[in-house]
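Enquirer: Next one to model:
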Amino acid sequence: MTPAIDRRLRSARGAVFGAFTLNGVLLAMWVVHIPAITDRTEVSASTLGMFVLLLAGTALIGMRLAGPAADRLGSRTLVALAASAISVTIVGPGLATGPVTLAIALACFGFGNGALDVSMNAQAVLVERAYGRPIMSAFHAMFSAGGFVGSLIGAATQRAGIAPEVTLTAASLLGLVTTAAFVPHLISHHREPASHPEHYDTLPAEDLPPTSSENLTGAPGSGINPEARELRARDEDSSLNDAERRSHRNRKVLWLGLIAFVLLLAEGVAADWSALQVREHLDVSEGDAALAFGAFSATMTIGRFLADRVSGVIGPVALLRYGSLLCAAGFAVVIVSPWLPLSLVGWAMCGLGLAGGVPQIFTAAGNLGGPKAATEMSRVFTIGYLGLLAGPAVIGWLTAIIPLTAALIVPLVLTLACAAAASVVHR
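Expert: Below is the predicted model:
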């Protein structure tokens, strides 16, 4: 690579860091203002739960539509549109005056967030491919870091008595300025033209396979034209190979989606239930129980900063396999632990084990190739995101019949199965 190309790639990498960080900051700004916004709009806890599902549902729609849009327009254009959209719509919850306006605001914000999730990961795949080494996990680490920064900013502004609409308006303006700053440095990518059999591009018109209205036998009495017969056979072989490739790609998309589903299910369980599990299982204070989520999120963030180097040394398959095994071992420790320090170690193991898995899945999905790469990535995203939503809900349903700690056997078993299927991310 020339120094100029190196500079452009470093700029592109920094731009993608900016997109992931911005996404994390803006999401955190909404989350930390939930109590104040629900109080002002007089939204009950049960209604808020439905609104969160609405946000998630519109995010799924945004993900599904973002894939084809990125294939058609390029991920750079879509990142610009989606980042601008969430920067504008983050103001909505702060300006909401009642349940209806809050629901509309969250639906718009969720749609933009889903579109940005797919488009910025599609752009990240392009940058990683140009770099020629693993860097995807670092992008996801910046999302976590952005969430941490956003939560600190939101907490500080609320402590200072600044109204949510003022803080979120400032966040919106900062988001638009940040988007304008990083978008020009993203990689421009155009959709590849649809492939055709080689001989259609290289042979003159008179040598193309004849249509049904053309003479297949050549000159009278000469029998079947051997060139026409050969070209037809080659065309049939090419069509068969294309069909086989599509079938293989569809199967791989499904497998990648299922593994993403399991990993994000485990992540959702840890994020939503870790503190409550420690409090109920060990009968500790709420302050001590909160350390469980802190241990999980801290090791996940650190692990994502380290995962790229580890993947470069041992490969994505080994990283996913051993990470899933470490996560399963962490759940096992949490289930049997009688002491708070040991439980914190268990949740920390879960965070470290899950840190590098999802980025490997998204990299594998983005590198499937073909003219619909972003569409296929969006399918993997959608399936995985369903796991993030379903995990906490499944555990909640199970607690009606078994203790919360016993219900953690579900993610334990599923992460073991994920370890067994890790070879699907082989590049």
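
Enquirer: On the three-state scheme, the one residue sitting closest to the centre of the chain is what?
Expert: Nearest to the mean C-alpha position of the chain, counting by C-alpha atoms, centre = their mean, stands residue 381 at 5.1 Å. With DSSP: H, G, I helix; E, B strand; the rest coil as the basis, residue 381 sits in helix.

Enquirer: Next one: it from residue 300, what distance?
Expert: Using C-beta to C-beta, to the nearest Å, residue 381 is found at 19 Å from residue 300. (C-beta placed from N, C-alpha, C; glycine too.)

Enquirer: before we move on, the earlier item: surely the residue nearest to the centre of the chain is in contact with residue 122?
Expert: No - with contacts defined as C-beta atoms under 8 Å, residue 381 does not count as touching residue 122, sitting 9.7 Å away.

Enquirer: Spit out the residues that contact the two alike.
Expert: Common neighbours of residue 381 and residue 122 (criterion: C-beta atoms under 8 Å, 6 or more residues apart in numbering): none identified.

Enquirer: and the residue nearest to the centre of the chain, what is it in contact with?
Expert: With contacts taken as C-beta under 8 Å, 6+ apart, residue 381 has the following neighbours: 63, 67, 117-118, 121, 260, 362, 365.

Enquirer: 6 Å instead?
Expert: Listed by C-beta atoms under 6 Å, 6 or more residues apart in numbering, the contact set of residue 381 reads 63, 118.

Enquirer: what's around residue 64, how many residues?
Expert: By other C-beta atoms under 10 Å, the residues close to residue 64 number 18.

Enquirer: hang on, I meant residue 14
Expert: Residues lying near residue 14 (other C-beta under 10 Å) number 12.

Enquirer: Could you say which helix or strand holds it?
Expert: helix 3-32 (DSSP states H and E).

Enquirer: Mind giving me the packing neighbours of that helix?
Expert: For helix 3-32, the elements it packs on are helix 99-131, helix 136-159, helix 164-182, judged by 3 or more C-beta pairs under 6 Å, 6 or more residues apart in numbering; DSSP states H and E.

Enquirer: For residue 277, which of these is the nearest?
Expert: Using C-beta to C-beta as the criterion, the shortest distance between residue 277 and these is 21.3 Å, found for helix 136-159.

Enquirer: List of residues touching the closest one?
Expert: Under C-beta under 6 Å, 6+ apart, the answer for helix 136-159 is 16-17, 20-21, 23-25, 28-29, 32, 124, 128, 167, 301, 304-305, 307-308, 356, 359, 363.

Enquirer: tell me the contacts of residue 277?
Expert: By C-beta under 6 Å, 6+ apart, the residues touching residue 277 are 404-405.

Enquirer: Could you measure from it over to residue 254?
Expert: Using C-beta to C-beta, we find residue 277 at a distance of 32 Å from residue 254.

Enquirer: And for residue 145?
Expert: From residue 145 over to residue 254 the distance is 32 Å, taken as C-beta to C-beta.

Enquirer: that older thread, in the helix holding residue 14, what's buried?
Expert: Of the residues in helix 3-32, those buried by neighbour count under the rule 16 or more other C-beta atoms under 10 Å are 9, 11-13, 15-30, 32.

Enquirer: Over to stretch 129-136?
Expert: Of the residues in stretch 129-136, those buried by neighbour count under the rule 16+ other C-beta under 10 Å are 131, 134-136.

Enquirer: Would you point out the most distant pair within the residues you listed?
Expert: That would be 131 and 136, which, of those, are the farthest apart (C-beta to C-beta) at 10.0 Å.

Enquirer: show me the contacts for residue 93.
Expert: With contact taken as C-beta under 6 Å, 6+ apart, residue 93 is in contact with 30, 37, 105.

Enquirer: phi, psi of residue 96?
Expert: phi -60, psi 140 (degrees, to the nearest 10).

Enquirer: check contacts around it.
Expert: By C-beta under 6 Å, 6+ apart, the residues touching residue 96 are 41, 102, 105.
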